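Visitor: fold the following, please.
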Amino acid sequence: MRAAIPYKQENAKSRLAPVLTQTEREQFVELMLRDVVYSLREAGVKDIDILTTAEYSSLSDLDVNFVIDPSDLNESINKYLERMDQPVLIIMADLPLARSEQVKEIISFEEDVVIVPGKGGGTNVLFIREPAEFHVRYYGMSFCNHCSIAKDMNHSLRIYDSFLLSTDIDEPHDIVEILMHGRGLSFEYAQKKFELESSRARVKLTSLR
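Guide: Numbering: from 1, shown residues only. Next up, the predicted model:
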């Protein structure tokens, strides 16, 4: 099997702009990507493809394959899937809470398609046993889209419910989850920038600047 990680660094995570500069956001997304790659490696996944629109010299030390495609997310992934003759795990680059044991469990299921839903109707992880027969439709309610695609193709389907894998880092308050549950490079970075403020309501993020 192969793992595929869609990745973009330029002006990444604009919704984190209230707490991180553009340069900081670009550093942060690289660290999150590295954490995801580490979890895949720890799970025994040897073949990892980074699907991206440009080459990044800062990632040259990663033992991964870069698939450069200027197309949008759906088109680039679908072209990639068409070429695959082995199972593919598509995992987003902003899932620094991913754990190797979760990856191992997902790829061990017998179903044709395994979907990990994200917040707000997204798809955070998608495992496809016959990728050449499948196509993706991200954006909007992609979780529902992918469930429908699997059912329309008569593929067996499993929904994998996971707090850690459903926590993609998009908004400032998402960084709270890294500080509470994270580890690795993104956790170390967040610790240098923020601290948690406890209250009677939700835990809040406070900048150390």
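
Visitor: so what's the most centrally placed residue in the chain closest to, chain neighbours aside?
Guide: Nearest residue to the geometric centre of the chain (C-alpha atoms, centre = their mean): residue 92, 1.8 Å. Nearest residue to residue 92, sequence neighbours excluded (C-beta to C-beta, 6 or more residues apart in numbering): residue 124, at 5.3 Å. Where C-beta positions appear, they are placed from N, C-alpha and C, glycine not excepted.

Visitor: and that neighbour, how many neighbours does it have?
Guide: When neighbours are counted by other C-beta atoms under 10 Å, residue 124 registers 24.

Visitor: can you list contacts of the helix or strand containing it?
Guide: Applying DSSP states H and E as the criterion places residue 124 in strand 123-128. Outside strand 123-128, the residues that touch it by C-beta atoms under 8 Å, 6 or more residues apart in numbering are 81, 87-92, 95, 106-107, 109, 112-118, 134, 136, 138, 142-143, 145-146, 160, 165-166, 168.

Visitor: okay, and which of the residues you listed map to strands?
Guide: 88, 89, 90, 91, 113, 114, 115, 116, 117 (DSSP state E).

Visitor: returning to that earlier point: just the angle between the strand holding residue 124 and strand 113-117, please?
Guide: 170 degrees (axes from the mean of the first three to the mean of the last three C-alpha atoms, to 10 degrees).

Visitor: in its sheet, what does strand 123-128 sit against?
Guide: strand 88-91 (antiparallel), strand 113-117 (antiparallel) (DSSP bridges).

Visitor: which positions within the shortest one qualify as buried?
Guide: The neighbour-count check on strand 88-91 (16 or more other C-beta atoms under 10 Å) flags 88, 89, 90, 91 as buried.

Visitor: go on, stretch 2-16?
Guide: 2, 3, 4, 5, 6, 7, 8, 9, 12, 13, 16.

Visitor: for these, work out which two are farthest apart.
Guide: 2 and 16 (29.5 Å; C-beta to C-beta).

Visitor: list the buried residues of the longest helix along the chain.
Guide: What stands out as the longest helix in the chain, according to DSSP state H, is helix 22-42. Neighbour counts over helix 22-42 (16+ other C-beta under 10 Å) mark 25-41 as buried.

Visitor: and the next helix or strand after that helix with helix 22-42, angle?
Guide: Counting by DSSP H and E, the next helix or strand C-terminal to helix 22-42 is strand 48-52. Strand 48-52 and helix 22-42 are oriented at 160 degrees to each other (the same axes, to 10 degrees).

Visitor: I figured residue 117 was touching residue 145, is that so?
Guide: No: assessed by C-beta atoms under 8 Å, residue 117 is found out of contact with residue 145, at 11.4 Å.

Visitor: the two: which is more packed in?
Guide: Remark: of residue 117 and residue 145, residue 117 carries more neighbours, 22 against 18, as counted by other C-beta under 10 Å.

Visitor: if I look at that one, what pLDDT would I see?
Guide: pLDDT for residue 117: 97.

Visitor: who does it bridge with?
Guide: The partner residues for residue 117, given DSSP bridges, come to residue 123.
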